[in-house]
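*Asks:* give me coordinates for this.
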Amino acid sequence: MDESGGRGMVEYRIDELAQASGSTVRNIRAYQDRGLLPPPRLEGRVGLYDDSHLARLRMIGKLLGRGYTFAIIKDLLSAWETGKDVGEVLGLEKVLTDPWSDEIPGTATYDELVQIFGAGLDEDEVARVRQRTIELGLIEPDGDVFRVPSPRLLHVGAELVAAGIPLDAVLDIAEQIRDDCDVIAGRFVNLVEEYVFHRATDPAALTGEDVAETAAMVRRMRPLVKMVVDPFIARAMETRVQAALGEQLETIRDHLAGTPADG
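*Replies:* Here you go, the predicted model:
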């Protein structure tokens, strides 16, 4: 590593650049072949890279870590070169991929799940329930244990089973509610897409301000969805419970009113 020509600009040989960027010589050459990294300045037969190459390599590493393909990375880097803010794009991507719940996933062993949900089931039934629970996304195999994306959902299921509701019925209602929620989410997103996101008809013409505005709108949607769903589900439950149990409660009240007092 040296400073070239008294200009204070740090330059790197390829092995030094690999070390500084956390990459490898092989990757650097592959990025050059793909057009992701500009060629070095040649001094004789030695290629010298500078801080702009280092910044580019770090950006490539960040994008690869987020799952971007080489083709998309090339487009983003081209946008960067023409003055567009890749940071805004990454900010939007983070908003879109961040979880919408602050719930912390948990884990459970096979024996723990069988103890909660498998009472009275034979091995074939346990295997069938296990597969269905995985398909519903309630548990995910993770080595010797199961990852539980939502311990709250698993707790609800356990409470319903403990109350005497058959496990198959609990899984049926879980599947139906999941599908209902997908419809609700689709309606909400379609509304915002129609009146907000439609402005981005030409992605190539988007400015950093446009992308930031879109990211901000997605952030605002998070609490709004709960604000919409919670009151509606509360009112619906009130109506449904009163309709389903009102007659039974009236019968019980009449029965108690007609029961002679002890003594």
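*Asks:* remind me which residues of the protein are low pLDDT?
*Replies:* 1-9, 79-98, 196-211, 258-263 (pLDDT under 70).
*Asks:* that one: helices as residue ranges?
*Replies:* Counting by DSSP state H, one finds helices in the chain at the ranges 14-21, 25-33, 51-65, 70-81, 86-97, 110-117, 123-135, 151-162, 167-195, 208-257.
*Asks:* export those to a markdown table and tack on mean neighbour count?
*Replies:* Glycine gets a C-beta too; all of them are placed from N, C-alpha and C. Formatted as a markdown table, those follow (neighbours: other Cβ atoms under 10 Å):
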| stretch | mean neighbour count |
| --- | --- |
| helix 14-21 | 18 |
| helix 25-33 | 15 |
| helix 51-65 | 17 |
| helix 70-81 | 15 |
| helix 86-97 | 16 |
| helix 110-117 | 15 |
| helix 123-135 | 13 |
| helix 151-162 | 15 |
| helix 167-195 | 13 |
| helix 208-257 | 12 |
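*Asks:* and of the ones you listed, who's closest to Glu103?
*Replies:* Checking the helices of the chain against Glu103 by Cβ to Cβ gives helix 151-162 as the closest, at 6.1 Å.
*Asks:* could you check the angle that closest one makes with helix 167-195?
*Replies:* Helix 151-162 runs at 140 degrees relative to helix 167-195, counting by axes from the mean of the first three to the mean of the last three Cα atoms, to 10 degrees.
*Asks:* who are the packing partners of helix 151-162?
*Replies:* For helix 151-162, the elements it packs on are strand 106-108, helix 110-117, helix 167-195, judged by 3 or more Cβ pairs under 8 Å, 6 or more residues apart in numbering; DSSP states H and E.
*Asks:* could I get the ones you listed as JSON lines with distance to Arg220?
*Replies:* JSON lines is the format used below for the helices and strands packed on helix 151-162 (distance: least, Cβ to Cβ, whole Å):
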{"stretch": "strand 106-108", "distance to Arg220": "29"}
{"stretch": "helix 110-117", "distance to Arg220": "38"}
{"stretch": "helix 167-195", "distance to Arg220": "9"}
